[in-house]
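>>> I would like the atomic coordinates for the input below:
(2 chains)
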Amino acid sequence: MDNVTTYLPLLLQGLRMTLLLAVSTLVVGLALGMLLALAKLSRHAWLSRPVYAVTNFLRGIPEFLILLVIYFGGAQVLGPWGIEVGPFAAGLFALSIVFGAYASETFRAAFQSVPKGQIEAGRAYGFSGWQCFWLIQLPQIWKVAIPGLGNLWQGAVKDTALVSIVGLDDLMRKSNQAAQATREPFTFYFVASLMFLVITLVSMAVIALLERRARRGVPGG
Amino acid sequence: MQALWDILAENWRDLLAGTWLTVQLVAIAAILGFVLAVPVALARLSRSRLVSGAAAAYSLFFRGTPLLVQFFLIYFGLGQFGLVRASFLWPLLREAYVCALITLTLNTAAYSAEIVRGGILAVPKGEVEAARACGMSRLTAYRLVILPRAFSIVLPAYSNEVIILLKGTALASTITLMELMGQAQFISSNTYQPIQVFTIAGVIYYLLTLVISRIFAVLEKRYNRYIVSAR
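Take a look at the predicted model:
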């Protein structure tokens, strides 16, 4: 227990890095997922087909593999030009494209759940395509999308642990250091897992709140 | 492109060995995980607060923490306790292979238990009542009606879970196991061609997910026959 109190500041430092990476992934991943969803819903097959193929492929391979390709592959491609790909950048890029690939499916389904008649009605009132998107579709997709996006967020938080393997100073790596220094691996991995559990539980509560908010005005919802 | 073929030609044996180990891990953990998931799901549905609470805590722990932490807890962590090191199981628990299987099984069982629980709750109430009215005991009703029905209901969701399990096996390389991902890392550090090597590994993983979906499509057809013939 003494060891835990000694190393707690170090672990909390790692926790901050973990949260920073997770939140950055959420922001970039949501934007990417939205763009990919719009590409999937495009009328042009030359745009939607390749996007489907790429996201299906990305969803079928391990996140860990994607991370290593970007980290080591980045060094292979950009190294000769003197550009260094750090663990944070590689982790953010890898986790964001995974998040984006899954989120594009969630967003696509959510957009398709908005009845077409509403958009036609909007157009009939003289709304532009952009206004239809911004004022009619976007406010309504959240009630369908939030449960799915919530799961993706939970997944992203847990996936940040992988980035410790390529050297990011996150909660996982700090726990490794503490575990090695004290020779109490179980203690420190257990403390790390409890911290992840707290993030999970807080996220669950926030997601439930957002879901309720997004369902305002839905009869019986 | 040339490099891709060269890498394949020189390392296909290692890649094949890695793929075979990955397939073993997935198959064994999927079967053991499912076997464990059924009692956990039943425990979750138990009227006893203690039993359902314990099952819920297990499920929350394994679903709410990263798989990587679970791997490290079991592989590096268990040795911290003298009791474990002194036990007759230690020669087994020291093995990365055994630890990987334990971790993957416990992890996938926690997710699968939620799926099975949903399946049991989705069995129409009338069928359960009919089974009881026919004079079946609770146990018999579970054995002959509820669980088989739940099984066919959960099959589609379970195929996704097995694909997630396949992706999880990639982490076994972090505890020294030379499965597909471990081999890929080894070959990539030998050839200095990470992009090509990981692309090959990615394609193999993708093909494995297709095989898993295919197996479940066949299983679904087999176990949901009665639905077609009832029409």
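
>>> The longest helix anywhere in chain B: what's the following helix or strand?
Among all segments of chain B classified by DSSP state H, the helix with the greatest residue count is helix B:2-44. Once the chain leaves helix B:2-44, the next helix or strand it forms, by DSSP states H and E, is helix B:49-64.

>>> Mind checking if that next one is in reach of chain A?
Yes: residues of helix B:49-64 contacting chain A under Cβ under 8 Å from any Cβ of the partner chain: B:L60, B:F61, B:R63, B:G64. Just so you know, the C-beta spots here come from the backbone N, C-alpha and C atoms, and that holds for glycine as well.

>>> What of stretch B:178-188?
Yes: residues of stretch B:178-188 contacting chain A under Cβ under 8 Å from any Cβ: B:M181, B:A184, B:Q185, B:S188.

>>> Would you mind confirming that the first one is in contact with A:E63?
No: look at B:M181 against A:E63 with Cβ atoms under 8 Å: they stay out of range, at 11.0 Å.

>>> ranking the residues of stretch B:178-188 next to chain A by neighbours, who comes first?
B:A184 (29 neighbours; other Cβ atoms under 10 Å in any protein chain shown).

>>> Where does the prediction get shaky in chain B?
For chain B, the stretches with pLDDT under 70 are B:1-2, B:228-231.

>>> what residues does chain A put near chain B?
Taking Cβ under 8 Å from any Cβ as the contact definition, chain A meets chain B at A:57, A:60-66, A:68-69, A:72-73, A:75-77, A:154, A:158-162, A:164-165, A:172, A:175-176, A:179, A:183-187, A:189-190, A:192-193, A:196-197, A:200-201.

>>> what phi and what psi does the backbone show at B:T65?
phi -120, psi 160 (degrees, to the nearest 10).

>>> which ones are touching it?
A:K158, A:S193, A:F196, A:L197, A:T200 (Cβ atoms under 8 Å, 6 or more residues apart in numbering or on different chains).

>>> Could you say which helix or strand holds the closest residue to it other than its chain neighbours?
In this structure, B:T65 finds its nearest non-sequential neighbour in A:S193, 4.1 Å apart by Cβ to Cβ, 6 or more residues apart in numbering or on different chains. Following DSSP H and E, one finds A:S193 within helix A:185-214.

>>> ok, of the contacts of B:T65, which one's closest to B:G168?
A:K158 (10.9 Å; Cβ to Cβ).

>>> The closest residue to the closest one other than its chain neighbours and A:Q140, how far apart?
Nearest non-adjacent residue to A:K158, counting by Cβ to Cβ, 6+ apart: B:P66, 4.1 Å away. Noted for B:P66: a distance of 34 Å to A:Q140, by Cβ to Cβ, to the nearest Å.

>>> repeat for A:T187
Counting by Cβ to Cβ - A:T187 and A:Q140 are separated by 48 Å.

>>> Next, the angle from the helix or strand hosting B:T108 to helix B:49-64.
For B:T108, the enclosing helix or strand under DSSP H and E is helix B:96-122. Orientation check (axes from the mean of the first three to the mean of the last three Cα atoms, to 10 degrees): helix B:96-122 against helix B:49-64 gives 120 degrees.

>>> helices or strands up against helix B:96-122?
Using 3 or more Cβ pairs under 8 Å, 6 or more residues apart in numbering or on different chains; DSSP states H and E, the elements in contact with helix B:96-122 are helix B:2-44, helix B:49-64, helix B:67-72, helix B:147-169.

>>> Show me how to select, in ChimeraX, the buried members of the contacts of B:T65.
Typed into ChimeraX, the line below selects the buried ones among those, using 16 or more other Cβ atoms under 10 Å in any protein chain shown:
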select /A:158,193,196,200
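
>>> if we can go back for a sec, the residue nearest to B:T65: what's it in contact with?
Counting by Cβ under 8 Å, 6+ apart, A:S193 has contacts B:F61, B:T65, B:P66, B:V69, B:Q70, B:L73.

>>> Which two among the residues you listed are spaced furthest apart?
B:F61 and B:P66 (11.6 Å).

>>> Looking at these two, which is more packed in?
Of the pair B:F61 and B:P66, B:P66 is the one with more neighbours under other Cβ under 10 Å, namely 23 against 18.

>>> Pop out the phi and psi values for that one.
phi -60, psi 140.

>>> same question, A:D170
phi -100, psi -170.

>>> From chain B, how far off is it?
Distance, A:D170 to chain B, by Cβ to the nearest Cβ, to the nearest Å: 10 Å.

>>> Ok, A:R49 next?
17 Å.

>>> how much space between A:I141 and A:F111?
6 Å.

>>> One more: A:L78?
The value you get for A:L78 to A:F111, if Cβ to Cβ is used, is 36 Å.

>>> Can you pick out the residue with more neighbours from those two?
Higher neighbour count among A:L78 and A:F111: A:F111, with 20 against 12, using other Cβ under 10 Å.

>>> low pLDDT regions in chain A?
Chain A contains residues with pLDDT under 70 at A:1, A:220-221.

>>> The residue nearest to the spatial centre of chain B: what's it in contact with?
By Cα atoms, centre = their mean, chain B has its centre lying nearest to B:A30, at 3.7 Å. B:A30 makes contact with B:T108, B:V162, B:L165, according to Cβ under 8 Å, 6+ apart.
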